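Asks: with the sequence up front, the predicted model follows.
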Amino acid sequence: MEKLKIALFHPWIKSRGGAERLILEWLKRTMHDVDIYTWAYLPDKTYDEFKQFNITVIKTPFQKHLNSFITRGLSFGFTALTKKIDLTKYDLLLYSTAGVAELMAIKNHLNKTIFLCYTPLRAALKDDIKWNLKNRFKNPIIQLIYLLGVLVYTILEKRAWKNANKVIFDSVLAKNRALDKKLIIESKTSVIYPAVDLKKSTIKPKNSNYFLYVARIGMAKRQLALINGWKKFVEHHPEYQLYLVGSIFDSSASKYVTKVKHAVETTKNVILKTDVSDTELDKLYSEATACLNVPFHEDFGIVPFEVVAHNKPLISVDFGGFVELLKNHKGIVWLPETLDNNVLSERIYSALEEFISKKDKISKMAKYGKKFIQSQNLTWDSFAKQLDEVLNENIGECN
């Protein structure tokens, strides 16, 4: 393969999130020479290894208020439409995006421009619009502002995507979202799955009487719907506990976090844990009776793979990027997705009861989880090699 000089735009490197992790693992393995451009880099909040790479921060308005949903959107949107990057020394421009970041491509593009897309912007997807209007934005004036914002963004999104020679997705779900919006044609797409780390646990597996849900505390992760389903379950099974484990990244979620904390305090046998270390999380996985996974339309989702890799049963919604790879694993109880949180709570209760009724059988099948994942070769070495190959192929196609 030819070694390329690549400009990588990744919107923010400010946490220890999944997208940052994916980019970092590729940077550590790629044969190409890569310079990173970003709107926000907080070295103390993200992975230390980013310090060894060349990172240029493109300054934005409201730089000190990027935790606010509204100011972050306005700041990055304005910057995307006004800032120019000197691209004269690069062979290829790569955008790492889950929405908004690719707007940079309106003013900044080469004839070798590729998107690495985790999902088109969720807030502008049909199902997400319905869900947001039902659950997040209930004030009619706010709803109108939101819908107008979606309309403007959709126009700009189509302009930006016209400058992509190729789009690489991390799941078929993400690809289908883009195809449904007619942002790209299928012949210009590829799917490369991220890796799933199968670290060897130092904890001897055992079963305690608790269920575990690992997810950032936020409305889209639907902890309240889970707690409401749990209330009914625990009345029949008071011997079990529910552990909610997750961090709080976004200050815009503070009202929801307050509601979750109140629900935890007023519901039997629910324990909330935040800022859990990797060692403690490993212990929680290893000793759980089973784990739950109920986020709204997860783009890919690492947590289900972590559960399966610990050879633990999983109770999960049946919609998300992870389903493509885990749908044939027998150690999972699937519950139908719904946009209605009250219906979801009932389905969670039913799934918990189904698990209890088949506990021994499902737990036995779950013991093959790690081998099931290993058979799919989801490693960072494989991911980096596939991504490098696609980038090289497209240099040939674009020249």
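Replies: It's in.

Asks: show me what contacts Leu244?
Replies: Counting by Cβ atoms under 8 Å, 6 or more residues apart in numbering, Leu244 touches 213, 215, 217, 223, 226-227, 260, 264, 270-273. Glycine gets a C-beta too; all of them are placed from N, C-alpha and C.

Asks: just put those in JSON lines and tack on distance to Ser247.
Replies: Below are the contacts of Leu244 laid out as JSON lines (distance: Cβ to Cβ, whole Å):
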{"residue": "Tyr213", "distance to Ser247": "13"}
{"residue": "Ala215", "distance to Ser247": "9"}
{"residue": "Ile217", "distance to Ser247": "7"}
{"residue": "Gln223", "distance to Ser247": "13"}
{"residue": "Leu226", "distance to Ser247": "17"}
{"residue": "Ile227", "distance to Ser247": "18"}
{"residue": "Val260", "distance to Ser247": "13"}
{"residue": "Val264", "distance to Ser247": "15"}
{"residue": "Val270", "distance to Ser247": "18"}
{"residue": "Ile271", "distance to Ser247": "16"}
{"residue": "Leu272", "distance to Ser247": "11"}
{"residue": "Lys273", "distance to Ser247": "10"}
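
Asks: from these, which land in helices?
Replies: Counting by DSSP state H, the part of those found in helices is 223, 226-227, 260, 264.

Asks: what two of those have the greatest distance between them?
Replies: Greatest spatial distance among the ones in helices among the contacts of Leu244 (Cβ to Cβ): Leu226 and Val264, at 10.9 Å.

Asks: so which of these two has more stuff around it?
Replies: Neighbours per residue (other Cβ atoms under 10 Å) separate Leu226 from Val264, with Leu226 holding more: 27 against 15.

Asks: which residues touch that one?
Replies: The neighbours of Leu226, taking Cβ under 8 Å, 6+ apart as the test, are 213, 242, 244, 292, 294, 345, 348.

Asks: highest neighbour count among those residues?
Replies: Counting neighbours by other Cβ under 10 Å, Leu292 comes out on top of the contacts of Leu226 with 30 neighbours.

Asks: assign that one to helix, strand or coil.
Replies: Look at Leu292: counting by DSSP: H, G, I helix; E, B strand; the rest coil, its state is strand.

Asks: can you classify Lys385 by secondary structure?
Replies: helix.

Asks: so what's it closest to, chain neighbours aside?
Replies: Spatial nearest neighbour of Lys385, chain neighbours left out: Arg29 (7.8 Å); criterion: Cβ to Cβ, 6 or more residues apart in numbering.

Asks: on that earlier part again, among the contacts of Leu226, list the two that are farthest apart in space.
Replies: With Cβ to Cβ as the measure, no two of the contacts of Leu226 lie farther apart than Leu244 and Ser345, at 14.8 Å.

Asks: nearest to Lys158, of the contacts of Leu244?
Replies: For the contacts of Leu244, the nearest to Lys158 is Ala215 (32.1 Å; Cβ to Cβ).

Asks: all helices for the stretch 101-250 of the chain, in order.
Replies: Remark: helices assigned in the stretch 101-250 of the chain by DSSP state H, counting those that start in this stretch are 126-135, 140-161, 172-180, 223-236.

Asks: and the ones you listed as TSV, adding mean pLDDT and distance to Asp318?
Replies: Formatted as TSV, the helices of the stretch 101-250 of the chain follow (pLDDT from 0 to 100; distance: least, Cβ to Cβ, whole Å):
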stretch	mean pLDDT	distance to Asp318
helix 126-135	94	14
helix 140-161	94	27
helix 172-180	97	12
helix 223-236	97	15
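
Asks: tell me which of those helices approaches Lys112 most closely.
Replies: In terms of Cβ to Cβ, the element of the helices of the stretch 101-250 of the chain nearest to Lys112 is helix 140-161, at 15.6 Å.

Asks: can you give me the buried ones in the closest one?
Replies: By neighbour count on 16 or more other Cβ atoms under 10 Å, the buried set for helix 140-161 is 146, 149-150, 153, 156-157, 160-161.

Asks: return the helix or strand in the chain with minimum mean pLDDT.
Replies: When the helices and strands of the chain are scored by mean pLDDT, DSSP states H and E, helix 69-82 comes last with a mean of 64.
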